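Engineer: predicted model and sequence below, questions to follow.
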Amino acid sequence: MNNKNHKLATKLIHAGVEPDPTTGAIMTPIYQTSTYVQAAPGDHKGYEYARTQNPTRTVLQNALAAIENGEHALCFGSGMAATDAVAKLLMPGDEVIVANDLYGGTYRIFTKVFALYGIKFHFIDMSNAENIRSYINGNTKMIWTETPTNPLLNIVDIEACAKISKEHKLLLVVDNTFASPYLQNPLDWGADIVLHSATKYLGGHSDVVHGALIMKDAALEEKLRFIQNSCGAVPGPHDCWLVLRGIKTLHVRMQRHCENGEKIANYLRNHPKVGKVYWCGFEDHPNHDVAKKQMRGFGGMMSFTLKDDNMDAAMDVLKKTQLFSLAESLGGVESLIGHPASMTHGSIPREERIKNGLVDSLIRLSVGIEDVDDLIADLAQAIG
Ligand SMILES: *Cc1c(COP(=O)(O)O)cnc(C)c1O
């Protein structure tokens, strides 16, 4: 079914999904096959080889296109494989302007892989989109941003970035992993490509690694589909099925992530041992107005520092939480706690890290959907 008038909660359950044509199965089957029998060469049912097409993947791609208000979606074996495919649109000599508060793996693939192919990346502060203009030249091809960012929950104005990208005929790519389509649809604000690590909120249960790209433009989809098929970083059908299953409850999960997130952000803000709390729902967040414009809620991702700003104090909190598990990743039903300085951002030199606000005591939370009173009690005993 694909009805553009349906609201998100209905699309999440029905968009792209049809009963299985052979059996009527209401759940999309896992087509665990590598190839498809042809009656005569070229006489087939639209499926030739499973790197190129798989029916489970097709259903997921149609669902993802619908929930991001796009026309097309392409699935990949991970968020990084999706990033890799977009970067392969570029040629030696091309330049990309990238938000400097960025997922570590994205920074790594740009600086350690694609820079070696002669592509130039400018990492800049995009909290004011106008900053982008002074980096544009005749070689610029793409603007790349995340919002909210990791781990400091900065907000970038997608509409303002799109205005600049359109003026200069650049591609605007928005990594929408943190917000999910429940909170934000970058294509509606003028982005050309939306990227997801479906490993996070879309999958939602910490049981699959998966990536996706969503776009409106058919020519762009054709180029990216060529790269998807030629380079081959496609997901297996079981992984597609897990993401398809996950997105059916995205709205219910996100609603609770937002409710729990708000309560915990306020709890931390009033805690005598806590320093700064980074959460884009606070009215005094520097870009709260932009967050309110482009987002439908503020989510369950946040970071905070301790007044006793040192590694040992942070380690003590990490050791003591019981419901918040110490782990990389985010966006699952269970709450996670992490320490950017020693985990996700450990490879950045300390001076530079601290200059960017990633101090030694910074702790990141991915607030899950457990009972919020239990989560607050866990933080209370851990922070002391
Ligand atoms: C996790 C993540 C990625 C990478 O996705 P994988 O599925 O781990 O490859 C990209 N961007 C953001 C914002 C992420 O959180």
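Structural biologist: Perfect, I can see it now.
Engineer: what comes up buried for the host helix or strand of S230?
Structural biologist: Under the assignment given by DSSP states H and E, the secondary-structure element containing S230 is helix 218-231. Buried positions in helix 218-231, judged by neighbour count with 16 or more other CB atoms under 10 Å: 220-221, 224-225, 227-228. C-betas here are computed from N, CA, C, even on glycine.
Engineer: stretch 315-326 too?
Structural biologist: Within stretch 315-326, the residues that qualify as buried by neighbour count (16+ other CB under 10 Å) are 315, 317-318, 321, 323-324.
Engineer: closest to R256 among these?
Structural biologist: Proximity of the buried residues of stretch 315-326 to R256, judged by CB to CB, is greatest for L323, which lies at 14.6 Å.
Engineer: which ones among the buried residues of stretch 315-326 are found in helices?
Structural biologist: Using DSSP state H, the members of these that fall in helices are 315, 317-318.
Engineer: for the chain, name the helix or strand with the lowest mean pLDDT.
Structural biologist: The weakest-scoring helix or strand in the chain, judged by mean pLDDT, DSSP states H and E, is helix 350-355 (a mean of 86).
Engineer: after that helix, next one along is what?
Structural biologist: Using DSSP H and E, the helix or strand that directly follows helix 350-355 along the chain is strand 363-366.
Engineer: quick one on the thing from earlier: just name the closest of the ones in helices among the buried residues of stretch 315-326 to the ligand, please.
Structural biologist: Taking CB to the nearest ligand atom as the measure, the ligand lies nearest L318 of these, at 19.5 Å.
Engineer: quick one: low-confidence ranges for the stretch 251-384 of the chain?
Structural biologist: Judged against pLDDT under 70, the stretch 251-384 of the chain has no low-scoring part.
Engineer: ranges for the helices of it?
Structural biologist: Along the stretch 251-384 of the chain, the stretches classed as helices by DSSP state H, counting those that start in this stretch are 288-294, 311-320, 350-355, 372-383.
Engineer: the ones you listed: which one's closest to G300?
Structural biologist: Between G300 and these, the shortest separation by CB to CB is 10.0 Å, and it involves helix 372-383.
Engineer: show residues contacting that closest one.
Structural biologist: Among residues not part of helix 372-383, those counted as contacts by CB atoms under 8 Å, 6 or more residues apart in numbering are 259-260, 263-264, 267-268, 271, 273-274, 306, 317, 320-324, 335, 367-368.
Engineer: for burial, what's the neighbour tally of F304?
Structural biologist: The criterion is other CB atoms under 10 Å. On that basis, F304 has 23 neighbouring residues.
Engineer: can you check H14 too?
Structural biologist: For H14, the neighbour count with other CB under 10 Å is 16.
Engineer: please apply the same query to the one 3 residues further on.
Structural biologist: For V17, the neighbour count with other CB under 10 Å is 20.
Engineer: next: L8.
Structural biologist: When neighbours are counted by other CB under 10 Å, L8 registers 18.
Engineer: residue contacts, it?
Structural biologist: Under the contact definition (CB under 8 Å, 6+ apart), the residues listed for L8 are 67, 181-182, 251.
Engineer: most surrounded residue in these?
Structural biologist: Neighbour tally across the contacts of L8 (other CB under 10 Å): the maximum, 28 neighbours, falls on P181.
Engineer: what helices or strands is the one helix or strand it maps to leaning on?
Structural biologist: Of the helices and strands defined by DSSP H and E, P181 is found in helix 180-183. The contact analysis (3 or more CB pairs under 8 Å, 6 or more residues apart in numbering; DSSP states H and E) places helix 180-183 against helix 250-269.
Engineer: can you narrow the buried residues of stretch 315-326 down to the ones near the ligand?
Structural biologist: Contacts with the ligand within those, as defined by CB under 6 Å from any ligand atom: none are present.
Engineer: measure the one residue in the stretch 1-150 of the chain that gets nearest to the ligand to G299 for me?
Structural biologist: Nearest to the ligand, among the residues of the stretch 1-150 of the chain, is G79, at 2.2 Å (CB to the nearest ligand atom). In this structure, G79 and G299 are 17 Å apart, going by CB to CB, to the nearest Å.
Engineer: for K355, same thing?
Structural biologist: Distance of K355 to G299, given as CB to CB: 26 Å.
Engineer: try G105
Structural biologist: Distance of G105 to G299, given as CB to CB: 20 Å.
Engineer: which one's more surrounded, the two?
Structural biologist: G299 (29 against 14).
Engineer: quick one: that one and T177 touch, right?
Structural biologist: No: with contacts counted by CB atoms under 8 Å, G299 stays clear of T177, the gap being 11.0 Å.
Engineer: what does the stretch 101-250 of the chain put close to the ligand?
Structural biologist: Taking CB under 6 Å from any ligand atom as the contact definition, the stretch 101-250 of the chain meets the ligand at 103, 105-106, 146, 150, 175, 177-178, 197, 199-200, 209, 211.
Engineer: swap the cut-off to 8 Å and go again
Structural biologist: With the criterion set to CB under 8 Å from any ligand atom, the stretch 101-250 of the chain comes near the ligand through 103, 105-106, 146, 150, 175, 177-178, 195, 197-200, 209-211.
Engineer: return the subset of these lying in strands.
Structural biologist: In strands, judged by DSSP state E, the following of these are found: 146, 175, 195, 197, 211.
Engineer: want to throw those residues into JSON lines with pLDDT?
Structural biologist: Shown next, in JSON lines, are these (pLDDT from 0 to 100):
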{"residue": "E146", "pLDDT": "97"}
{"residue": "D175", "pLDDT": "98"}
{"residue": "L195", "pLDDT": "98"}
{"residue": "S197", "pLDDT": "98"}
{"residue": "G211", "pLDDT": "98"}
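Engineer: by neighbour count, which of these wins?
Structural biologist: Top of those by neighbour number is S197, holding 29 neighbours under the definition other CB under 10 Å.
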